[in-house]
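In: coords please:
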Amino acid sequence: MLAKRIVPCLDVDRGRVVKGRKFKNIKDVADPVELAKKYNQAGADELVFYDITASSEERNIFLDVVQNVAAEIAIPFSVGGGIRSVDDIHRTLRAGADKVSINSAAVKDPQILTDAAMKFGSQCIVLSIDAKAVSTNKWQVYINGGRTDTGMDAIEWAMDGEKRGAGEIVINAIDTDGEKNGYNLELTRAISEHVNIPVIASGGAGTMGHFSNVLKTGGADAALAASVFHYGEINIAELKDFLSENSITVRREPSWK
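Out: This is a model prediction of the structure:
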């Protein structure tokens, strides 16, 4: 069985890590470089960096922050926010990202997924989907930091994204984001059952049990979280011990570290 991954997320606004609830009530948390170094040392499997206002403000991502973070960590590093073209992807990868996460731009022009996968390889192209429930077992895609309802079905979009070249999907449930009441298991399971590429669950982590649930019942390949790690509510090493005790395969620190 492939090891499940634990992925801290840095939501960055104007060069600072922030956190909110359901994409609102944003509060300052920390310096992204210092927080990235902390997670690199703590045993995180990957790190995700989102410039959360780049798309809505129609500006480029802060590549200097990306460069500074990449210089301090050894774990895989995914970057998203403000990615609007293949050139943007190229610049972000050159700044030190291992993967580029595309959300709003892919909805507006799905060809970017195909073009990027052809040029850089599917392994570094992540389709990020912000989804909100509109009825029972039906979720729609939102863009621009959760501000704009596209009317698109989230499951159909995930399937289409895979066909177009995405090598991984991050599914973020807006309804549970920042609530700490657990991931949206139904949404995560629905996405996981309809695609053949890795799925990262996002939105709602509050306890170690929530991670276990989404990795087992939700069928996720990885679990992303922010505030529970930022505020020290969950220790990554202890979380991995817990998951291992619950028969979930996780990566351990190499013996040579």
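In: Could you check the pLDDT of residue 13?
Out: Predicted confidence (pLDDT) for residue 13: 75.
In: count of residues packed around it?
Out: Residue 13 sits with 20 neighbouring residues when counted by other CB atoms under 10 Å. Heads up, the C-betas are built off the backbone N, CA and C, glycines and all.
In: That one and residue 173, how far apart?
Out: The gap separating residue 13 from residue 173 is 21 Å, by CB to CB, to the nearest Å.
In: Pull out the buried residues from stretch 194-207.
Out: The neighbour-count criterion (16 or more other CB atoms under 10 Å) identifies 195, 197, 198, 199, 200, 201, 202, 203, 204, 205, 206, 207 as the buried residues of stretch 194-207.
In: quick one: the strands in the stretch 151-257 of the chain?
Out: 168-173, 199-202, 222-225 (DSSP state E, counting those that start in this stretch).
In: Just tell me which of those strands ends up closest to residue 162.
Out: Nearest of the strands of the stretch 151-257 of the chain to residue 162, taken as CB to CB: strand 168-173 at 7.3 Å.
In: Run through the bridge partners of residue 12.
Out: Beta bridges link residue 12 to residue 17, residue 51, judged by DSSP bridges.
In: how many neighbours does it have?
Out: With neighbours defined by other CB under 10 Å, the count for residue 12 comes to 26.
In: how about residue 72, phi and psi?
Out: Torsion angles at residue 72 (phi, psi; degrees, to the nearest 10) stand at phi -110, psi 0.
In: so it touches residue 40, yeah?
Out: Yes - with contact defined as CB atoms under 8 Å, residue 72 reaches residue 40; the gap is 7.0 Å.
In: which sections of the stretch 151-257 of the chain are below the confidence cut-off?
Out: Counting by pLDDT under 70, the stretch 151-257 of the chain contains low-confidence residues at 253-257.
In: Next, show the common contact partners of residue 72 and residue 40.
Out: Taking CB atoms under 8 Å, 6 or more residues apart in numbering as the contact rule, residue 72 and residue 40 touch no residue in common.
In: angle of the strand of greatest length in the chain against strand 168-173?
Out: If you go by DSSP state E, the chain has its longest strand at strand 125-135. Orientation check (axes from the mean of the first three to the mean of the last three CA atoms, to 10 degrees): strand 125-135 against strand 168-173 gives 30 degrees.
In: which other helices and strands contact strand 125-135?
Out: Applying 3 or more CB pairs under 8 Å, 6 or more residues apart in numbering; DSSP states H and E, one finds that strand 125-135 contacts strand 77-80, strand 99-102, helix 111-120, strand 138-143, helix 154-164, strand 168-173, helix 185-194.
In: what pLDDT, on average, does stretch 114-127 get?
Out: Stretch 114-127 comes out with an average pLDDT of 98.
In: What residues does residue 80 make contact with?
Out: 48, 49, 50, 51, 100, 101, 102, 103, 126, 128.
In: which SSE is the second one in?
Out: Taking DSSP states H and E as the criterion, the element that holds residue 49 is strand 47-51.
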